[in-house]
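Asker: please find the sequence and the predicted model below.
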Amino acid sequence: MAGRQCYHCKQWVEEGEAHDCWTTTEAALTKDLSEDLQEAWERLRETASEFGEQRIYASHNSIMFSRRSCYFFVRPKKTFLEVVVFLGRAVKAPQIRRVDAASKTRKAHFLRITHRDEVEPPMTDWLREAYDLQARKTQKTR
């Protein structure tokens with residue numbers, strides 16, 4: 001049969017078949033996680049949801065958490081959850097693998113989560129700080 005392999009997701013697509021690998025769901029991104037990672041994901045999502053009004057959605061291979069713009073996202077991997085948190089300052093801590101400049105005012109902090117017990121302070125404090133940073137930016141633009 002004629003067809004092709006999608007460059008992005010590596011799925012085989014038959015000729016004439018509709019294919020859009022850019023749209024996905026949280027369930028699709030987290031379905032193959034180990035039990036420990038599932039529990040860590042659930043705790044992370046629950047913690048962030050408690051902050052207040054926001055939009056949580058899947059985009060390509062990440063799950064985004066945003067108010068006006070994304071304040072953190074999660075990339076589920078086979079052996080860990082990669083969490084990227086956007087803060088207004090650079091934080092040095094053992095949990096943070098690296099920090100990159102995301103813009104003139106925001107720094108992207110990369111963390112790896114392997115167990116639900118890692119979703120606790122100071123990590124949750126950083127998530128809250130990122131959420132609150134978005135609130136301050138929203139108020140300034142009004």
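Answerer: Perfect, thanks for sending it.
Asker: every contact and neighbour count from this point should use C-alpha atoms.
Answerer: Fine.
Asker: so how many other residues sit close to Thr105?
Answerer: Look at Thr105: counted by other Cα atoms under 10 Å, it has 10 neighbours.
Asker: tell me the contacts of it?
Answerer: Gly88, Arg89 (Cα atoms under 8 Å, 6 or more residues apart in numbering).
Asker: ok, now with 10 Å
Answerer: Phe86, Leu87, Gly88, Arg89 (Cα atoms under 10 Å, 6 or more residues apart in numbering).
Asker: residues touching the last one, list them.
Answerer: Taking Cα under 10 Å, 6+ apart as the criterion, Arg89 is in contact with Val99, Ala101, Thr105, Arg106, Lys107, Ala108, His109, Ala130.
Asker: nearest to Glu35, of those?
Answerer: His109 (25.3 Å; Cα to Cα).
Asker: may I have the phi/psi pair for Trp126?
Answerer: Backbone torsions of Trp126, given as degrees, to the nearest 10, read phi -70, psi -40.
Asker: give the burial count for it, as a bare number.
Answerer: Count around Trp126 with other Cα under 10 Å applied: 18.
Asker: correct me if wrong: it contacts Phe86.
Answerer: Yes. In this structure, Trp126 is within contact of Phe86 by Cα atoms under 10 Å, at 8.7 Å.
Asker: hey, what's in contact with both of these two?
Answerer: What both Trp126 and Phe86 touch, as defined by Cα under 10 Å, 6+ apart, is the set Phe72, His109.
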